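Student: Compute the structure for the input listed below.
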Amino acid sequence: MTEETDHHSEAASEALRAAARAALVETTSDAVVVADASGRIRAVNGRARALLGAGESLEGEHIEALFDPVPSALEAASGAGERADRTERGGEREQADVRERGGGNTRERVCVRAADGTPTYHELTVTRVGGGEGPERDASGLLVVLRDVSDAVARERAGERLEAVAKLLSHDVKSPLGIAETYLEFAAETGADEDFDAVSDRLERASDLVGDLLAFARLSLEDLELESRSVSETARAVWERFETEGASLAVADGLEVDADDDLLHHLLADLLRNALEHGGRPLDIEVCALEGDGFAVVDDGVGVVEGMEATAMEPGYATGDGAGLGLPTVAAIAAAHGWRVSLETPDGGGTRVEVHTDDTVNTRGGKPGHP
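Tutor: Numbering: from 1, shown residues only. Prediction:
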C-alpha cells in the first residue's frame with residue numbers, strides 16, 4: 001500500500017467520522033450550539049434552531065444574545081475578557097443554582113418559554129472545548145447543550161407534593177383522630193352529648209383535612225391550555241363566591257397573563273380565601289400590577305408572623321383549622337406556568353403575595369417580550 005493510498009484512506013476515514021458526528025448532533029433530541037472563543041455561534045442543530053431561533057440564521061450571532069437574561073452557567077463559562085466587559089456594563093449577577101462538573105462543564109436548570117408559550121424546563125450544560133496541544137490549540141470555544149427535563153421536573157414536583165401529604169397525614173390527620181378516640185372513651189363512660197359532639201367535631205376536622213390533602217396531591221399541572229386571561233375579571237368573579245362581610249376588594253384594570261383558565265381561577269381563589277380567612281376584619285384587599293411582569297394580592301390584615309414568611313410558603317403551615325396548603329398550592333400552580341411566588345410583610349402590616357410572571361429565560365424561539 002503506497003503512502004498516497006494511506007493518506008487517501010485516512011482522509012476518507014476522517015470525512016466519515018465528521019459526517020457521523022454531524023449526523024449524531026443533528027438527530028439528537030438535545031439542542032446543541034457550538035460557539036468560538038469569542039462567543040460567536042459557528043454551528044447549531046435543528047433542535048437548537050427551533051428552540052432558540054425560530055428558524056432564523058444564528059451563525060455569527062453572539063451566543064449570549066439568544067437568552068434574556070443570560071443563564072448563569074453561560075456567564076460562568078465565558079472568557080475573562082467578556083466577564084470584565086459585563087462588569088463594566090453593570091456587574092455580574094449572582095451565579096445561583098449553577099453546579100460545576102468534571103471536565104470543565106458547567107450546568108444549570110433553566111425554564112424556557114416554548115413558541116406556544118408553554119414553559120419547558122431544560123438542563124443547560126456549557127463545556128469549554130479545544131485549546132489543547134498541537135494543531136487544535138487555537139480551536140477553542142463553547143459547546144452548549146440544552147436537554148429537555150420537563151417530564152423529570154413534573155415528576156419531582158409531584159413527588160414533593162406526595163411527600164408533603166404523607167407528612168401531614170402522619171401528624172395533622174392523626175392528631176384529631178387521636179383526640180376523637182379519647183372523647184369516644186369519655187362518651188362511652190358518661191353518655192354525655194357534649195362528648196359525642198366533640199367526637200363528631202374531630203372526625204369532621206379529620207375528614208376536611210383529608211379532602212384538602214387529596215386535592216393537593218391530585219393537583220393537575222400538566223397539559224396547560226395557555227391563553228391570554230384577565231386577572232382583573234377573574235379576581236372579581238372569584239370574589240363573588242365568598243362571604244365577604246367586613247371586607248373590600250379593589251382590583252386594578254387591565255391585568256392580563258398567559259395562563260390556564262382553571263388554574264388561574266384556582267390560584268386567585270386560594271390567595272383571596274387566604275386573605276379572608278386569616279386577615280381579620282375590617283379588611284381591605286387589593287389586586288394590583290407589579291413594576292415588572294406579574295401581579296400582587298395585598299391585604300392590610302393581621303399578616304404573617306415576622307420572620308415566618310418563608311415557612312408560610314411550606315405545606316403544613318397553618319394558623320387556623322386548615323391544612324396549610326393554600327400558599328403551597330399557589331406556588332405549585334405558579335411554577336407550572338413558569339412563574340415565581342414571593343411573600344412579604346408590607347411596612348404598614350398585612351400580607352403581600354407577589355406572582356412574578358417573568359421568571360423564565362426568553363429566547364428567540366419563545367414569545368418575544370413575555371416569558
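Student: could you give me the average pLDDT of the helix or strand harbouring residue 127?
Tutor: Assigned by DSSP states H and E, residue 127 falls within strand 119-129. Per-residue pLDDT over strand 119-129 has a mean of 92.
Student: What is that strand packed up against?
Tutor: Judged by 3 or more Cβ pairs under 8 Å, 6 or more residues apart in numbering; DSSP states H and E, the packing partners of strand 119-129 are helix 72-77, strand 105-113, strand 141-148, helix 150-168. The C-beta positions use only the backbone N, C-alpha and C, and glycine is treated the same way.
Student: okay if I get the ones you listed as CSV plus mean pLDDT?
Tutor: Below are the helices and strands packed on strand 119-129 laid out as CSV (pLDDT from 0 to 100):
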stretch, mean pLDDT
helix 72-77, 84
strand 105-113, 89
strand 141-148, 94
helix 150-168, 90
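Student: nearest to residue 230, of the ones you listed?
Tutor: strand 105-113 (20.4 Å; Cβ to Cβ).
Student: Wait, residue 255 touches residue 286, no?
Tutor: No: using Cβ atoms under 8 Å, residue 255 is not in contact with residue 286; the gap is 11.5 Å.
Student: between the two, who's got more neighbours?
Tutor: Higher neighbour count among residue 255 and residue 286: residue 255, with 20 against 17, using other Cβ atoms under 10 Å.
Student: What's the end-to-end length of stretch 336-348?
Tutor: Stretch 336-348 has an end-to-end distance of 32 Å (Cα to Cα, to the nearest Å).
Student: What residues sit buried inside that stretch?
Tutor: Buried residues in stretch 336-348, counting neighbours by 16 or more other Cβ atoms under 10 Å, are found at 336, 337, 338, 339, 340, 341, 342, 343, 345.
Student: Over to stretch 31-41?
Tutor: Using 16+ other Cβ under 10 Å as the test for burial, stretch 31-41 gives 31, 32, 33, 34, 35, 37, 39, 41.
Student: partner strands of the strand holding residue 127, parallel or antiparallel?
Tutor: When pairing is defined by DSSP bridges, strand 119-129 lines up against strand 105-113 (antiparallel), strand 141-148 (antiparallel).
Student: can you give me the offset of that strand from its chain's centre?
Tutor: Using Cα atoms, centre = their mean, to the nearest Å, the mean C-alpha position of strand 119-129 is found 16 Å from that of the whole chain.
Student: Tell me the confidence at residue 349?
Tutor: Note for residue 349: predicted pLDDT of 91.
Student: Please tell me how far it sits from residue 269.
Tutor: Computed as Cβ to Cβ, to the nearest Å, the residue 349 to residue 269 distance reads 24 Å.
Student: what do you get for residue 243?
Tutor: Distance of residue 243 to residue 269, computed by Cβ to Cβ: 13 Å.
Student: out of the two, which sits in the more crowded spot?
Tutor: A count of neighbours by other Cβ under 10 Å puts residue 269 above the other of residue 243 and residue 269, at 20 against 7.
Student: That one contacts residue 241, correct?
Tutor: Yes: taking contacts as Cβ under 8 Å, residue 269 lies within contact range of residue 241: 7.2 Å.
Student: ok so, going back, could you dump the strands paired with strand 119-129 into JSON lines and include distance to residue 66 and mean neighbour count?
Tutor: Below are the strands paired with strand 119-129 laid out as JSON lines (distance: least, Cβ to Cβ, whole Å; neighbours: other Cβ atoms under 10 Å):
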{"stretch": "strand 105-113", "distance to residue 66": "10", "mean neighbour count": "20"}
{"stretch": "strand 141-148", "distance to residue 66": "9", "mean neighbour count": "21"}
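Student: hmm, back to that, including pLDDT and secondary structure, could the buried residues of stretch 31-41 go into a markdown table?
Tutor: Listed next are the buried residues of stretch 31-41 as a markdown table, based on pLDDT from 0 to 100; DSSP: H, G, I helix; E, B strand; the rest coil:
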| residue | pLDDT | secondary structure |
| --- | --- | --- |
| 31 | 93 | strand |
| 32 | 93 | strand |
| 33 | 92 | strand |
| 34 | 91 | strand |
| 35 | 92 | strand |
| 37 | 87 | coil |
| 39 | 89 | coil |
| 41 | 91 | strand |
